[in-house]
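Undergrad: the amino acid sequence is not available; the structure is as follows:
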């Protein structure tokens with residue numbers, strides 16, 4: 001309830017976004033912790049302000065009470081004299097969650113009331129901060145303490161303050177998929193995981209049977225240690241270990257998906273295909289289509305010429321309403337002698353860009369981003385920096401060098 005109340009109440013969310021350490025107790029008190037104040041010996045102590053909350057359901061309304069409770073010694077001015085302008089009552093006040101206050105302060109604004117809890121709490125905090133600043137101007141109540149995520153409302157181990165600060169929580173909530181799968185955790189797949197792990201997708205399933213080796217370290221986000229590479233973890237276990245620090249819903253599957261076990265994708269709400277071309281990919285796509293699961297397929301066709309690299313990246317979004325259109329743009333070729341991608345021409349920035357295009361396509365399909373063109377196919381040509389959403393599969397799939405660039409990425 002407390003996380004929901006804060007998220008739905010602009011005044012409480014503003015307190016959190018600005019770095020105040022706030023808590024809602026089971027007795028319905030708003031508590032602001034780590035508030036600096038001057039003690040009688042002119043040293044700086046840290047206390048907590050509290051106020052009871054007036055609510056309309058799961059949102060705050062204008063405070064009816066102008067008083068505030070304080071935990072700590074009675075605050076003084078910079079000379080160590082009690083701040084009598086705050087004086088109201090000194091006694092024990094239970095706040096809930098085992099917390100208690102020692103004093104009640106009264107500071108009524110000129111208009112007779114506070115407009116919201118942000119105004120109320122920052123006004124009281126400022127009265128103490130003014131005296132603290134005369135002793136140490138760098139001490140502040142804005143501690144930006146890390147807040148743990150609520151397992152009942154968030155898949156993250158700590159709160160997503162980035163979305164709240166940008167005021168895009170409602171848009172971010174559209175990505176609350178029940179289960180997302182990333183098939184193939186090579187260069188592009190690992191970057192897909194990096195981006196999806198920062199969303200509110202509840203579960204993220206990882207499918208790949210390969211080990212995380214030295215060359216993978218130069219294609220994936222982050223930096224593996226020498227000891228980690230020596231231990232030869234599977235890709236899914238290595239990456240799950242990293243991203244589980246942030247997202248509690250990472251599910252590793254150290255196995256390769258084939259026609260024999262493609263049914264493991266049943267129950268997924270969206271799938272990212274970052275795997276090599278061939279009959280196994282065809283079988284998986286047929287299974288996804290039969291199950292009605294939307295997916296994105298990514299691919300890169302790269303070549304080396306005159307000691308430079310060229311080629312095309314592509315992203316195909318397949319939704320249940322236009323399967324044939326997506327099929328026409330997905331490569332199933334498994335033996336393309338002219339495509340030098342099989343020589344492991346991969347570059348981390350291209351992997352990252354391909355992943356970004358795929359994740360943007362997913363987010364558009366969920367309404368997170370505007371989707372005016374409803375494009376299902378995006379390509380990026382390296383040589384001329386051409387980003388296109390047109391149907392170039394039949395028109396421009398052959399590069400000017402004569403090398404085909406429609407093969408999909410392997411997960412090596």
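TA: Perfect, I can see it now. As the structure is a computational prediction, the values presented were derived from the model and not from experiment.
Undergrad: quick one: the helices in the chain?
TA: Applying DSSP state H to the chain gives helices spanning 2-8, 10-17, 117-133, 161-165, 169-172, 187-196, 214-217, 226-230, 235-243, 279-291, 323-327, 348-365.
Undergrad: the first one: which residues count as buried?
TA: Spelled out, it's helix 2-8. Within helix 2-8, the residues scored as buried using 16 or more other CB atoms under 10 Å are 2-3, 5-7. Placement of C-beta: from N, CA and C, glycine included.
Undergrad: just the buried residues of stretch 315-325, please?
TA: The neighbour-count check on stretch 315-325 (16+ other CB under 10 Å) flags 315-319 as buried.
Undergrad: could you measure from the residue found closest to residue 139 once you drop the neighbours it is linked to in the chain over to residue 205?
TA: Distance criterion CB to CB, 6 or more residues apart in numbering; nearest residue to residue 139, sequence neighbours excluded, is residue 36 at 4.7 Å. Relative to residue 205, residue 36 is positioned 46 Å away (CB to CB, to the nearest Å).
Undergrad: do residue 170 as well
TA: 26 Å.
Undergrad: give me the more crowded residue out of the two.
TA: Counting neighbours by other CB atoms under 10 Å for residue 170 and for residue 205 shows that residue 205 has the greater number, 21 against 10.
Undergrad: wait, the more buried one sits on residue 177?
TA: No: assessed by CB atoms under 8 Å, residue 205 is found out of contact with residue 177, at 10.9 Å.
Undergrad: point out where the stretch 201-350 of the chain drops to low pLDDT.
TA: 333-344 (pLDDT under 70).
Undergrad: ok, which stretches of it are strands?
TA: In the stretch 201-350 of the chain, strands defined by DSSP state E, counting those that start in this stretch lie at 204-207, 250-253, 270-273, 295-305, 308-318, listed in chain order.
Undergrad: the first one pairs with which strands, parallel or anti?
TA: For strand 204-207, the pairing partners within the sheet under DSSP bridges are strand 180-183 (parallel), strand 250-253 (parallel).
Undergrad: buried ones in it?
TA: Quick answer for strand 204-207 (16+ other CB under 10 Å): 204-207.
Undergrad: same deal with the second one?
TA: With burial defined by 16+ other CB under 10 Å, the residues of strand 250-253 counted as buried are 250, 252-253.
Undergrad: give me the mean pLDDT for stretch 375-388.
TA: For stretch 375-388, mean pLDDT is 88.
Undergrad: quick one: end-to-end distance for it.
TA: 10 Å (CA to CA, to the nearest Å).
Undergrad: and it, how far out from the chain's middle?
TA: Put simply, stretch 375-388 sits 26 Å off its chain's centre (CA atoms, centre = their mean, to the nearest Å).
Undergrad: show me what counts as buried in that stretch.
TA: Buried, per 16+ other CB under 10 Å, within stretch 375-388: 376-382, 388.
Undergrad: mind checking pLDDT for the residue nearest to residue 369 when sequence neighbours are not counted?
TA: Leaving aside its sequence neighbours, residue 369 sits nearest to residue 363 (CB to CB, 6+ apart; 5.2 Å). With respect to pLDDT, residue 363 scores 95.
Undergrad: count of neighbours near residue 363?
TA: 19.
Undergrad: what does residue 68 give?
TA: For residue 68, using other CB under 10 Å, the count is 26.
Undergrad: would you work out how far apart the start and end of stretch 358-373 are?
TA: 16 Å.
Undergrad: oh, that last question was meant for stretch 190-209, not what I typed.
TA: First-to-last residue span, stretch 190-209, CA to CA: 14 Å.
Undergrad: report the buried residues of that stretch.
TA: 190-208.
Undergrad: next one: stretch 88-95
TA: Buried residues in stretch 88-95, counted by 16+ other CB under 10 Å: 93, 95.
Undergrad: gap between the spatially most central residue of the chain and residue 359?
TA: With distances taken as CA atoms, centre = their mean, residue 198 lies nearest the centre of the chain, 2.1 Å away. Relative to residue 359, residue 198 is positioned 10 Å away (criterion: CB to CB).
Undergrad: cool, residue 31 as well?
TA: From residue 31 to residue 359 the distance is 38 Å (CB to CB).
Undergrad: what about stretch 242-258, start to end distance?
TA: Using CA to CA, the two ends of stretch 242-258 sit 26 Å apart.
Undergrad: likewise stretch 204-216?
TA: Start-to-end, stretch 204-216 (CA to CA) is 20 Å.
Undergrad: same check, this time on stretch 180-198
TA: The stretch stretch 180-198 measures 13 Å between its terminal residues, going by CA to CA.
Undergrad: how far off centre is that stretch?
TA: 13 Å.
Undergrad: what mean pLDDT does that stretch have?
TA: 95.
Undergrad: buried residues, stretch 8-25. List them.
TA: Neighbour-count burial for stretch 8-25 [16+ other CB under 10 Å]: 9-17, 20-25.
Undergrad: I misspoke; the intended subject was stretch 133-148.
TA: Here stretch 133-148 shows 133, 140-141 as buried, counting by 16+ other CB under 10 Å.
Undergrad: what's the answer for stretch 280-298, then?
TA: Using 16+ other CB under 10 Å as the test for burial, stretch 280-298 gives 280-281, 284-285, 287-289, 293-298.
Undergrad: output these as a markdown table; include the columns distance to residue 118.
TA: A markdown table is the format used below for these (distance: CB to CB, whole Å):
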| residue | distance to residue 118 |
| --- | --- |
| 280 | 56 |
| 281 | 53 |
| 284 | 51 |
| 285 | 51 |
| 287 | 51 |
| 288 | 47 |
| 289 | 51 |
| 293 | 44 |
| 294 | 41 |
| 295 | 44 |
| 296 | 41 |
| 297 | 47 |
| 298 | 44 |
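Undergrad: what's the most distant pair in the residues you listed?
TA: Across the buried residues of stretch 280-298, the longest distance by CB to CB is 19.9 Å; it joins 280 and 294.
Undergrad: sorry, back to before: so which of the buried residues of strand 204-207 is the closest to residue 94?
TA: Out of these, the member with the shortest distance to residue 94 (by CB to CB) is residue 204, at 42.1 Å.
Undergrad: ok, now which ones touch residue 5?
TA: Residues near residue 5 by CB atoms under 8 Å, 6 or more residues apart in numbering: 12, 24, 53, 55, 58-60.
Undergrad: and those residues, which is closest to residue 85?
TA: Distance ranking of the contacts of residue 5 against residue 85, using CB to CB, places residue 53 first at 24.8 Å.
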